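Trainee: One predicted model, sequence on top.
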Amino acid sequence: MKSITLSLLFLIVSPGFLRAEISDAELGKFIQDQLGHKEVASISLAVIKDRMITHKAAYGYSAYEARLNATADTLYQAGSVSKAVTAWGVMHLVEEGKIELDAPINRYLNRWILTSDVYDVNRVTVRGVLSHSAGLSTPAYAGFPPETELPTIEQSLDGDANGSAPLSVVYPPGQAFHYSGGGYTLLQLLIEEVSGDSFPAYMEKAVLQPLGMTQSSYYEIKPQDTLAIPHDFHLRQIPTYHFRALAAAGLQTTASDLARFLIANSGDNPVLSAPTRALMKSVVVPVSADTGMGLGLFIEQGGQLYGHEGSNRGWKSKILATPDGKFGLAVLSNSESGDRLIDELFCHWNQFAGIGFLDQQCARQLAEKQGLANIGWVLSVFLILLIFYLLSVFWQKYGQLDGNIRLPGPGLLRLTLFGISLLILMGYILFVYTSFGVGVVAGIPWGFKLLDFMPASLKLAAYLVAMLMVAVCGLQCVRTRDGNLG
């Protein structure tokens, strides 16, 4: 957290702060300085100014252990940014008159039909699925190990998705925002059924090639090709997970291609008309106080920005641009810790490029990070004092009783207290120190520990809590000769 504060102070006092343009050298120095601090293998980016890509570059390693340099042509998994591009494929079918936005999505499906015993599935429309307002389940997908044979789309929708339950209607359709990756798998099936092509083939023909996204694909690309290697929080290589839910998470792309996608969103292109693009950037359902959801795009700051974020295991991404194409930025990373740097990079871009739309958001993010770190330090100090206090009390009571401290006899109360303490300790360790906790929070087997997501101060507090629990368990295991519990 100290590095975050110092880097932001550097931005404020830098002579370049007052300039309206960001230089390539400044941007590169900022990223290179932060890669090591945040344990990020690489960052690939493309900067947009006035509907032109003015800078594209990659920093760090596409494979950290092998020290293979990332380049601007290195491919990355885009995670949920895939959804924004998929939405263009759906809207292209709308413009061709092959589907209607407000028609029930089941109208176009034969291979798999959405059902519900609680809600009216006829209210689950194409518009609702695109905007995450259809009330559907399955927020995210964990993906499959590279050696695993992928299920069919129908099997995936039925719950064969490595931890995800079958897609179902779990909220009233059309009433509120409920993010659903599973909904985009349903759109993947819709595209195949309506177009008659496989999803990757249709997207290549209808969207990617016409927009000049020639390096991008929804086809599976093997790691030995130009795809980077994903890494965990500590620069260790992890498997390249793959997906049947291609529409939701399966795009492989470059930062430059994502920049071309943002540019297409702001002006004439061979895929979608201006009215359709404007419709996609209109809020369908509110997400938060300053963010709404359009058709495949998040609309931020009252419509001043639009974009999407992505997260697969070992991959992070974010795209953001102004509707007129004056400013835009696309960033990709092959590290689970990449979002830590990506957030700061967007704030850096906002400040140096003189955009300003993210000022409040960046200030809030910084305050939240600092607040979380402060909570961790205060909690750590309290726990340290508490542990020392318990040790001092224990020593004062038993430390001078040579030979008087021994394991308890078979007392029901002692065994019960010890059993409860041990169960609490085991549950805590399972939740914080294994992937179980993240699985509970995320709803899918993500494979990392809650501890990995914590700032240093909270990690220390977590270790101290474990020490305190061990001490409590130990106190349940001792008694003096007169039968009193320790």
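Mentor: Good, I have the coordinates.
Trainee: so where is the stretch 1-150 of the chain shaky, pLDDT-wise?
Mentor: Per-residue confidence for the stretch 1-150 of the chain (pLDDT under 70) gives these ranges: 1-24.
Trainee: if we go to 90?
Mentor: Applying pLDDT under 90 to the stretch 1-150 of the chain picks out residues 1-30, 32-33, 36-38, 147.
Trainee: quick one, helices of it?
Mentor: Ranges of helices in the stretch 1-150 of the chain, per DSSP state H, counting those that start in this stretch, are 2-13, 24-37, 81-95, 126-130.
Trainee: which secondary structure elements does the second one contact?
Mentor: Using 3 or more CB pairs under 8 Å, 6 or more residues apart in numbering; DSSP states H and E as the contact definition, the elements that helix 24-37 packs against are helix 2-13, strand 42-49, strand 52-63, helix 338-352. Glycine gets a C-beta too; all of them are placed from N, C-alpha and C.
Trainee: Of the helices of the stretch 1-150 of the chain, which is nearest N312?
Mentor: helix 81-95 (9.2 Å; CB to CB).
Trainee: rewinding a little: deepest-packed of the helices and strands packed on helix 24-37, please.
Mentor: With neighbours defined as mean count of other CB atoms under 10 Å, those peak in mean count at strand 42-49, which reaches a mean of 25.
Trainee: How far does it sit from its chain's centre?
Mentor: 19 Å (CA atoms, centre = their mean, to the nearest Å).
Trainee: Keeping just the C-alphas, turn it into PDB.
Mentor: The C-alpha trace of strand 42-49 is given here as PDB (Å, rounded to 0.1, in the frame of the first residue of the first chain):
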ATOM      1  CA  SER A  42       2.900  -8.400 -17.900                       C
ATOM      2  CA  ILE A  43       0.600  -5.600 -19.100                       C
ATOM      3  CA  SER A  44      -0.400  -5.000 -22.700                       C
ATOM      4  CA  LEU A  45      -2.200  -1.800 -23.600                       C
ATOM      5  CA  ALA A  46      -3.500   0.400 -26.400                       C
ATOM      6  CA  VAL A  47      -4.300   4.100 -26.000                       C
ATOM      7  CA  ILE A  48      -6.900   5.900 -28.000                       C
ATOM      8  CA  LYS A  49      -7.000   9.600 -28.800                       C
END
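Trainee: picking that back up, can I get the helices and strands packed on helix 24-37 in a markdown table with distance to T115?
Mentor: A markdown table is the format used below for the helices and strands packed on helix 24-37 (distance: least, CB to CB, whole Å):
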| stretch | distance to T115 |
| --- | --- |
| helix 2-13 | 48 |
| strand 42-49 | 42 |
| strand 52-63 | 44 |
| helix 338-352 | 36 |
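Trainee: middle-most residue in the protein, spatially?
Mentor: S311 (3.6 Å; CA atoms, centre = their mean).
Trainee: got the contact list for the closest residue to that residue other than its chain neighbours?
Mentor: Leaving aside its sequence neighbours, S311 sits nearest to G79 (CB to CB, 6 or more residues apart in numbering; 4.8 Å). If a contact means CB atoms under 8 Å, 6 or more residues apart in numbering, then G79 has 249, 309-312, 315-317 as its contacts.
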